[in-house]
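Enquirer: here is the input, now give the coordinates:
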Amino acid sequence: MSPISAPDGSSSAARPANSPTGGPEASPGGAPPRPRPGAEPTEPGVAERATRDLAAQFEDEKPGRVLSGPAGLLLTSAALAVGALALWQVFRPLSQGSKYYLIIFLAGVLPLVFLAYPADLRLPARLRARRRRADNADKTATRPTVTDWVLVALTVAACLYPVLPIRIGSGGGGYNAFLDRQGLLAPTDLVLGTVLLLLLLEACRRTTGWILPAVCLLFLGYGYYGGLLPQSWPVAHAGLDFSQLVDAFHNSDSGFYGTPLDVAASYIVLFTIYGAALELSGAGRFFVELSAAAFRRSRTAAGRTAVASGFLLGTVSGSGAATTVSIGAVTWPLLRRAGYPPERAGGMLAAAGVGAILSPPTLGAAAFIIAEYLGVSYLQVLGWATVPTVLYYLGILLAVEIDARRSGVRPVVIEVGSPWRLLARFGYHFASLIAIIVFLAVGVSATRAVVFAILLTVALSFLDRTHRLTPGRLVTALVTGVRGILAVTAVCAAAGIITATTTKTGLGPQAAALLIGGAQAATSDPTLVLVLTALLAAVALSLLGLAVPVTASFVIGWVIVGPALLDLGVTAPAAAMFVFYFAVLSEVSPPTALAAVAAAAVTGGRLVPTMWQTLRYALPAYLTPVAFVITPAGLGLLGIGGVQRIAFAAVVVALSVAVLAVAAGGWLPGVGPAGAPERIIGAVAGVTLLWLEPVPVTVGATLAAVAAAGVFARRRSAGRPSSGSPADPVEEQL
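Expert: Now for the predicted structure:
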């Protein structure tokens, strides 16, 4: 495949970092320092490395170390063993049961966090100066410290303690003895359970920052001190002592070894290995080139290529920020040449990249948790996500078309071949994606389906001499897949603190009653209570997502907000997908907006304007999930309820997305600019259409027609050309 060339002659064929690690060929130890924001690679090799390195820094995790020598060998060997065990478990599960496997899995993964991620604590100025001098004198800054090695050893001991067949005081004695002590822990159980608790909090801090550990400690404090709250308070409970909490965390099915960790160990690790193998086979580069080839003759080729690349890469990525960096490294030179300001281009890239977490067949980690919580197949979750994904990208594409006309974007020549020729030569990269869906459809489990897809990817890779998955490259894929789930595993295990505390204290129903009570204080109408509860839940989930990663945001949201929606008669699929979408949208929500931060680093644009542009592109996605829950017809958006309901919901919400895109962008394609009155009427129409009942739909459609008529009248009175004219300087700054 030939590289995509920007019009200025520079190569932009950076190989996208598809896997959630920021690229399969990245060093298992972590990523080197990122390139200067806005820097444009000038040769393919540099571009590929720059893309992988930058993608690794904008994961849900913080950048890790570059390890070499014994530490690097140990990490690679351990990751390879964990990957092999995960694959073996699919066909030959350990006879002791799934919890036994989770204990072994955590013992293999958690110690690697302390090798791969530095403590990164702020030191006093004098100590920092001393450390800097030492680092300059001896280039060992990226090596694990003595403290790190101590934590590694302590983590191995604490994780393996439940299965060690040796007596330690009144504890120990093997797996069965450990289970028999549930509810009545020995002192050794209590000590090592506390040690594991502290190690998980530190692992989360190293990989995601301080906020998630603080949230976990808040739940821990609530479990311990909640009995001291006035019993008249809705969130008060009888109180738990510390041994009860540790028992709930360490020796129950809702604690460390609960559903979130089960999902990470059974599903996510396999999909990250699959993503790494697919990327190493050349699929990522093919997807980007195919997107460019499909739109190379279009006036909005640069913008369409960015959006289409985000969708195609998202089918195998499941990571918003990494996909943003991947498509940005390739398409930003084209967007810049077309005349997009850095902030607007960054908003487009971030919105397109976040769609990776929403795009089948590889959704984000929370989607697997949905399947486990609701006891449904992963194929059903994919079905629920299909229509909303199409609507999400429809909104972005419309925004791209509107921006192109409003801003006078220039045509850009994209030097790629025919899309049909690319499909004929490299279209086999779609085979494994299709295979996953086919396997799921015929009843094969998700774990086996992805393993078969990996095998198919390996076999087909030999059709391209430069991307053959030789044994050495397969090892790289395994190691990279495991390296990509270090942060996810720490987050999922720590989520057990939240779920176990919520279960033991009954916080879920109490919080649900509090949320519903707040809505009932404003109105007694059942329909309005549901609407207000949904809006309050959306605000709460958006705020929560600003603080913690998507997976943790979903888990917390499900145990707190989920019961409120279920109590009001919302179906479980609608409630789960509602929580899922708002957890995902935290990646584009100011003031954190991780995907927007990644996009700004690529384009060199100002951060805050990039965030607001991202919010504008993703606006319909914030409103569409509300339609899931406020009317029964909204289930049609999830593919539930028959062809007629699905078609009605899809068409009406597509009209809503289109109207909202025009209202946000201020331009009606094919007609001309929309003034403030038309934009306000359009916004009201778009929101009204989301209420999928005959009367609101009729009112919304009428308002949309009024807004369109106003734009026609404005064009006729102004005498402007219908489209393609650049906006005036003041309008361009909006």
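Enquirer: can you show me the CA trace of stretch 535-542 as CSV?
Expert: Extracted in CSV, the C-alpha atoms of stretch 535-542 (Å, rounded to 0.1, in the frame of the first residue of the first chain):
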residue,chain,number,x,y,z
LEU,A,535,-31.9,14.5,32.9
LEU,A,536,-30.6,14.4,36.4
ALA,A,537,-29.0,11.0,35.7
ALA,A,538,-27.4,12.4,32.6
VAL,A,539,-25.9,15.3,34.5
ALA,A,540,-24.7,13.0,37.3
LEU,A,541,-23.1,10.6,34.8
SER,A,542,-21.4,13.4,32.8
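Enquirer: now the stretch 251-400 of the chain, which segments are flagged as low pLDDT?
Expert: Scanning the stretch 251-400 of the chain for pLDDT under 70 picks out 296-299, 314-320, 364.
Enquirer: helices along that one, start to end?
Expert: 259-263, 269-280, 283-294, 301-317, 320-338, 342-354, 365-374, 378-407 (DSSP state H, counting those that start in this stretch).
Enquirer: one more: the stretch 451-600 of the chain?
Expert: 471-483, 486-505, 507-520, 526-545, 550-560, 562-567, 572-584, 594-603.
Enquirer: can you redo these as CSV with mean neighbour count?
Expert: All C-beta spots, glycine's among them, are computed from the backbone N, C-alpha and C. Formatted as CSV, the helices of the stretch 451-600 of the chain follow (neighbours: other Cβ atoms under 10 Å):
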stretch, mean neighbour count
helix 471-483, 22
helix 486-505, 26
helix 507-520, 18
helix 526-545, 19
helix 550-560, 27
helix 562-567, 21
helix 572-584, 25
helix 594-603, 29
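Enquirer: what's the closest of the helices of the stretch 251-400 of the chain to residue 166?
Expert: If you check each of the helices of the stretch 251-400 of the chain against residue 166 by Cβ to Cβ, helix 259-263 wins as the nearest, at 24.7 Å.
Enquirer: report the buried residues of that closest one.
Expert: 259, 260, 261, 262, 263 (16 or more other Cβ atoms under 10 Å).
Enquirer: residue 690: which of the helices of the stretch 451-600 of the chain is closest?
Expert: Going by Cβ to Cβ, the one of these nearest residue 690 is helix 526-545, 10.4 Å.
Enquirer: ok, back up a step: among the helices of the stretch 251-400 of the chain, which is the most enclosed?
Expert: Comparing the helices of the stretch 251-400 of the chain by mean neighbour count (mean count of other Cβ atoms under 10 Å), helix 342-354 ranks first with a mean of 31.
Enquirer: which strands and helices sit next to that helix?
Expert: helix 301-317, helix 320-338, helix 378-407, helix 594-603, helix 607-630 (3 or more Cβ pairs under 8 Å, 6 or more residues apart in numbering; DSSP states H and E).
Enquirer: picking that back up, turn the helices of the stretch 451-600 of the chain into TSV, including mean pLDDT and distance to residue 274.
Expert: Output for these, formatted as TSV (pLDDT from 0 to 100; distance: least, Cβ to Cβ, whole Å):
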stretch	mean pLDDT	distance to residue 274
helix 471-483	89	8
helix 486-505	88	15
helix 507-520	82	34
helix 526-545	83	26
helix 550-560	83	18
helix 562-567	88	29
helix 572-584	89	20
helix 594-603	81	22
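Enquirer: now those helices as a markdown table including distance to residue 392?
Expert: As requested, the helices of the stretch 451-600 of the chain are exported to a markdown table (distance: least, Cβ to Cβ, whole Å):
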| stretch | distance to residue 392 |
| --- | --- |
| helix 471-483 | 27 |
| helix 486-505 | 23 |
| helix 507-520 | 26 |
| helix 526-545 | 16 |
| helix 550-560 | 15 |
| helix 562-567 | 21 |
| helix 572-584 | 9 |
| helix 594-603 | 13 |
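Enquirer: identify whichever of those lies nearest to residue 624.
Expert: Comparing these under Cβ to Cβ, the one sitting nearest is helix 572-584, at 7.6 Å.
Enquirer: can you put the helices of the stretch 251-400 of the chain in JSON lines and add distance to residue 115?
Expert: Compiled in JSON lines, those are given as follows (distance: least, Cβ to Cβ, whole Å):
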{"stretch": "helix 259-263", "distance to residue 115": "20"}
{"stretch": "helix 269-280", "distance to residue 115": "18"}
{"stretch": "helix 283-294", "distance to residue 115": "27"}
{"stretch": "helix 301-317", "distance to residue 115": "25"}
{"stretch": "helix 320-338", "distance to residue 115": "22"}
{"stretch": "helix 342-354", "distance to residue 115": "29"}
{"stretch": "helix 365-374", "distance to residue 115": "22"}
{"stretch": "helix 378-407", "distance to residue 115": "32"}
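Enquirer: among the ones you listed, single out whichever gets nearest to residue 484.
Expert: The nearest among these, by Cβ to Cβ, is helix 269-280 at 4.3 Å.
Enquirer: packing partners of the closest one?
Expert: Using 3+ Cβ pairs under 8 Å, 6+ apart: helix 269-280 touches helix 69-91, helix 301-317, helix 446-461, helix 471-483.
Enquirer: in JSON lines, list the ones you listed along with distance to residue 680.
Expert: Shown next, in JSON lines, are the helices and strands packed on helix 269-280 (distance: least, Cβ to Cβ, whole Å):
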{"stretch": "helix 69-91", "distance to residue 680": "53"}
{"stretch": "helix 301-317", "distance to residue 680": "26"}
{"stretch": "helix 446-461", "distance to residue 680": "46"}
{"stretch": "helix 471-483", "distance to residue 680": "49"}
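Enquirer: nearest to residue 224, out of those helices?
Expert: Set against residue 224 and scored by Cβ to Cβ, the helices and strands packed on helix 269-280 come closest in helix 69-91, at 33.7 Å.
Enquirer: in terms of secondary structure, what does that closest one contact?
Expert: helix 98-116, helix 269-280, helix 446-461, helix 471-483.
Enquirer: same question for that helix, mean pLDDT?
Expert: Average pLDDT, helix 69-91: 90.
Enquirer: where's residue 240 relative to residue 308, distance?
Expert: 52 Å (Cβ to Cβ, to the nearest Å).
Enquirer: residue 65 too?
Expert: Here residue 65 is placed at a distance of 35 Å from residue 308 (Cβ to Cβ).
Enquirer: swap in residue 703?
Expert: For residue 703, the distance to residue 308 - Cβ to Cβ - is 32 Å.
Enquirer: number of nearby residues for the residue lying closest to residue 506 once chain neighbours are set aside?
Expert: Sequence neighbours aside, residue 237 is the residue nearest to residue 506 in space, at 6.2 Å (criterion: Cβ to Cβ, 6 or more residues apart in numbering). Using other Cβ atoms under 10 Å, the number of residues around residue 237 comes to 18.
Enquirer: pretty sure residue 237 sits against residue 502.
Expert: No. Using Cβ atoms under 8 Å, residue 237 makes no contact with residue 502, being 10.7 Å away.
Enquirer: give me the low-pLDDT residue ranges for the stretch 51-200 of the chain?
Expert: For the stretch 51-200 of the chain, the ranges with pLDDT under 70 are 51-63, 121-141.
Enquirer: next up, phi/psi of residue 171, please.
Expert: Backbone torsions for residue 171, taken as degrees, to the nearest 10, come to phi -110, psi -170.
Enquirer: tell me which element the nearest residue to it once chain neighbours are set aside falls in.
Expert: In this structure, residue 171 finds its nearest non-sequential neighbour in residue 188, 3.0 Å apart by Cβ to Cβ, 6+ apart. Using DSSP states H and E, residue 188 maps to helix 187-208.
Enquirer: can you name the next helix or strand after that helix?
Expert: Per DSSP H and E, the first helix or strand lying C-terminal to helix 187-208 is helix 211-225.
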